[in-house]
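Visitor: Build me a model:
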Amino acid sequence: MPEPNRSTRRRVNRLGPARPFSARLAAAFLAIVVPGCAPLACDPLTIVVSKKSEYGRPDTVPRGFWTTGTGMLEEIPRPTPVREYWLQSEEGTWYWVSADQYKAAEVNQRVPVCR
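Guide: Coordinates of the predicted model:
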């Protein structure tokens, strides 16, 4: 029997079965993203509240898309108010907190915040 040529030989994966592309892509994504989230993690700190401040500012959120005269898609912005809540510690540092934390906080009381 003649020796099979290169085109008829079966390829054998010596490293085991190949993982699907999506699994490799997900693994690569997690390897990049997970270490990048470390600075966003909460570093808990307890402060004594000396002052509370609530601010409102305008922001825009997308309401949809429309087609321009040249055929490009553009977002339709919708103005919306955004509330921000801040607590000042006795040392003078301001910390952004959630609305629930802000409502529960009292001046001269200890409050856990994220650094």
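Visitor: Which strands and helices lie in contact with the longest strand along the chain?
Guide: Ordering each strand of the chain by length in residues (DSSP state E) puts strand 44-67 first. For strand 44-67, the elements it packs on are strand 73-89, strand 94-97, strand 110-114, judged by 3 or more C-beta pairs under 8 Å, 6 or more residues apart in numbering; DSSP states H and E. Using the backbone N, CA and C atoms, a C-beta is placed for each residue, glycine as well.
Visitor: contact partners of it?
Guide: 73-90, 92-95, 102, 105-115 (C-beta atoms under 8 Å, 6 or more residues apart in numbering).
Visitor: coming back round to it: the helices and strands packed on strand 44-67: which one's closest to residue 42?
Guide: Relative to residue 42, the nearest member of the helices and strands packed on strand 44-67 by C-beta to C-beta is strand 110-114, separated by 3.9 Å.
Visitor: Could you tell me which residues within that closest one count as buried?
Guide: 111, 113 (16 or more other C-beta atoms under 10 Å).
Visitor: Use 14 as the first number from now on
Guide: Renumbered: residue one is now 14, and that last one reads strand 123-127.
Visitor: average model confidence for that strand?
Guide: In this model, strand 123-127 has a mean pLDDT of 92.
Visitor: I would like the residues contacting that strand, please.
Guide: So strand 123-127 is contacted by 55-62, 100, 108, 110, 114, 117-118 (C-beta under 8 Å, 6+ apart).
Visitor: Just flag the most distant two among those.
Guide: Maximum distance among the contacts of strand 123-127 (C-beta to C-beta): 20.3 Å, for 56 and 117.
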